[in-house]
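1. Pasting the sequence and the predicted model now:
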Amino acid sequence: MGEFTMPSLGADMDEGTLVEWLVEPGAPIRRGDPVAVVETAKSTIEVECFESGTMGRPLVEPGTTVPVGTPLALIETAAGTRGKAGKARKPRKEPQGPPAPERTRPAEPAEPVRTREPVASEAPGHGHVEAGPLIRHLAEEGGVDLAALRGSGPGGRVTRADIERAAAAAPTARTPTARAPRARVTPLARRRAAELGVDLSSVAGTGKDAAIRAEDVSRAASGLAGAPSPPPRTTAAVRASRPSEDQAPAMRRAIARLMSRANRDVPHYYLSTTVDMAVPMDWLHDRNRRSPMSERLLPAALLLKAAALAAHEVPELNGFWTDDRFTAGEGVHLGMAVSLRGGGLIAPVLRGADTLEVPALMSALKDLVSRARTGRLRGSEVSGATLTVTNLGDQGVETVFGVVHPPQVALVGFGRVVDRPWAVDGLLGVRPVVTVTLSADHRATDGAVGARYLTAVDRLLQNPEKL
């Protein structure tokens with residue numbers, strides 16, 4: 001049995017509010033599946049599970065605010081491992097000797113969660129046939145009568161292969177009288193639908209595999225003629241649906257706490273340089289002229305790739321200051337400072353930015369910014385950044401000196417690409433240039449290391465075809 005806990009989604013997060021469960025007890029889950037929606041001071045985020053198994057008993061009800069690390073639900077893992085906050089632990093070593101019969105059976109949810117309901121068949125020699133939630137779901141979708149099946153699994157258990165064979169052998173089973181596949185509905189969405197009088201069969205789901213979520217129900221209710229939506233039961237759900245209005249004060253307080261601590265505890269030093277952008281801009285214009293509109297690049301893509309590659313070359317700036325020492329990051333994961341429409345900011349993570357081709361990086365950047373501003377980020381996308389980048393060029397700012405986001409040790413700033421008088425080989429002309437800044441933690445590095453980093457950014461930008 002494992003525990004799904006309230007995750008830490010940033011250095012400034014001490015607690016979170018469980019907004020909604022995305023899976024029901026007894027449902028199979030895989031590593032990486034989003035299982036809950038959690039509200040932090042900055043955003044509402046889908047949190048993934050880092051274990052595979054069966055969703056067990058929920059320990060916390062939606063609308064409850066709990067500290068980071070608090071168990072939210074039990075998870076019956078396939079391998080019997082136990083983990084917290086998405087980290088699986090090694091299996092406990094069992095005493096030697098023949099295993100008990102129940103240990104050889106696939107994991108089942110612990111009581112008092114909703115357990116699998118055995119489906120019996122009087123097939124000769126097989127006794128009772130059991131089918132878990134996934135098998136029942138597949139049978140329902142395929143129009144297969146479980147009671148008529150002879151299970152081929154251990155103890156006569158019906159397997160996925162049995163369902164597929166039965167569906168292929170009897171295509172006529174899908175008659176008009178067969179039960180239609182039911183849309184997945186989260187528990188909170190069911191309660192919300194009952195409160196608002198919404199017919200779930202008329203609601204289009206926007207969750208994974210078209211699952212109906214609470215916000216889908218609220219949206220459907222708001223569209224009913226002359227019937228404004230009644231307020232949901234929990235303030236957490238209200239904040240989730242209106243982050244720009246209700247979360248802004250909390251977000252500002254969270255940012256204030258983190259930045260105050262950063263300015264107090266982190267001894268900053270600041271460097272800047274001006275980079276000639278004539279070569280990269282010419283390369284960019286030529287490439288975009290030959291590319292479809294959907295594949296055209298912005299200067300930000302080149303700047304980000306150069307920042308990531310430079311961090312790979314100068315790893316002293318790519319990592320964390322913890323326990324009075326520097327720990328290098330495993331990979332270059334850029335935190336992208338994104339301003340939100342309702343105020344405040346969030347820094348979703350571009351993982352492995354140094355390994356992405358520039359077009360892929362551009363696509364990932366667009367996707368992250370879009371989902372950050374609509375509250376559709378996942379937990380793995382808001383934590384683990386090894387270096388933060390802020391780019392205010394699109395807002396007309398030419399120079400930005402940021403504050404290091406602890407426990408990171410550096411922040412890179414890019415301004416607007418502007419035309420300036422510039423001397424090349426003794427000749428004065430007008431060239432596009434950009435100001436690149438570095439804010440860094442003096443405990444981890446000094447100015448010489450920072451200068452190496454900015455020099456690497458400049459050199460990399462002068463060879464855009466190699467980015």
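-> Perfect, I can see it now. Numbers count the residues shown, from 1 in each chain.
2. Does residue 54 touch residue 26 like I think?
-> Yes. With contacts counted by Cβ atoms under 8 Å, residue 54 reaches residue 26, the gap being 6.5 Å. Every C-beta, even on glycine, is put in place using the N, C-alpha and C of the backbone.
3. And the two? Which one has more around it.
-> residue 54 (27 against 21; other Cβ atoms under 10 Å).
4. how far away is the more buried one from residue 23?
-> 10 Å (Cβ to Cβ, to the nearest Å).
5. With residue 356 instead?
-> On the measure of Cβ to Cβ, residue 356 and residue 23 end up 31 Å apart.
6. Mind listing what's buried along the strand or helix carrying residue 366?
-> Taking DSSP states H and E as the definition, one finds residue 366 inside helix 358-373. Buried residues in helix 358-373, counted by 16 or more other Cβ atoms under 10 Å: 358, 361, 362, 363, 364, 365, 368, 371, 372, 373.
7. cool, stretch 17-37 as well?
-> 17-29, 33-37.
8. Out of the buried residues of helix 358-373, which comes closest to residue 9?
-> The shortest approach to residue 9 among these belongs to residue 372, at 12.8 Å (Cβ to Cβ).
9. Wait, the closest one touches residue 43, no?
-> Yes. Shown here, residue 372 and residue 43 form a contact pair, counting by Cβ under 8 Å, at 7.4 Å.
10. Please list all residues in contact with the residue nearest the centre of the chain.
-> When Cα atoms, centre = their mean is applied to the chain, the residue found nearest the centroid is residue 378 (2.1 Å). The contact partners of residue 378, taken as Cβ atoms under 8 Å, 6 or more residues apart in numbering, are 34, 45, 46, 47, 48.
11. Out of these, give me the one that has the most neighbours.
-> Sorting the contacts of residue 378 by how many neighbours each has (other Cβ under 10 Å) puts residue 45 first, at 30 neighbours.
12. In three-state terms, label that one for me.
-> For residue 45, the assignment made with DSSP: H, G, I helix; E, B strand; the rest coil gives strand.
13. go on, residue 26?
-> coil.
14. Show the pLDDT at it.
-> Listed pLDDT for residue 26 reads 90.
15. now do residue 77
-> For residue 77, the pLDDT comes out at 76.
16. Look up how far residue 24 lies from the closest residue to it other than its chain neighbours.
-> Nearest non-adjacent residue to residue 77, counting by Cβ to Cβ, 6 or more residues apart in numbering: residue 53, 3.9 Å away. Taking Cβ to Cβ as the measure, residue 53 and residue 24 are separated by 14 Å.
17. what's the answer for residue 202, then?
-> 21 Å.
18. ok, now residue 364?
-> The gap separating residue 364 from residue 24 is 32 Å, by Cβ to Cβ.
19. sorry, back to before: now, which of the contacts of residue 378 sits nearest residue 163?
-> residue 34 (25.8 Å).
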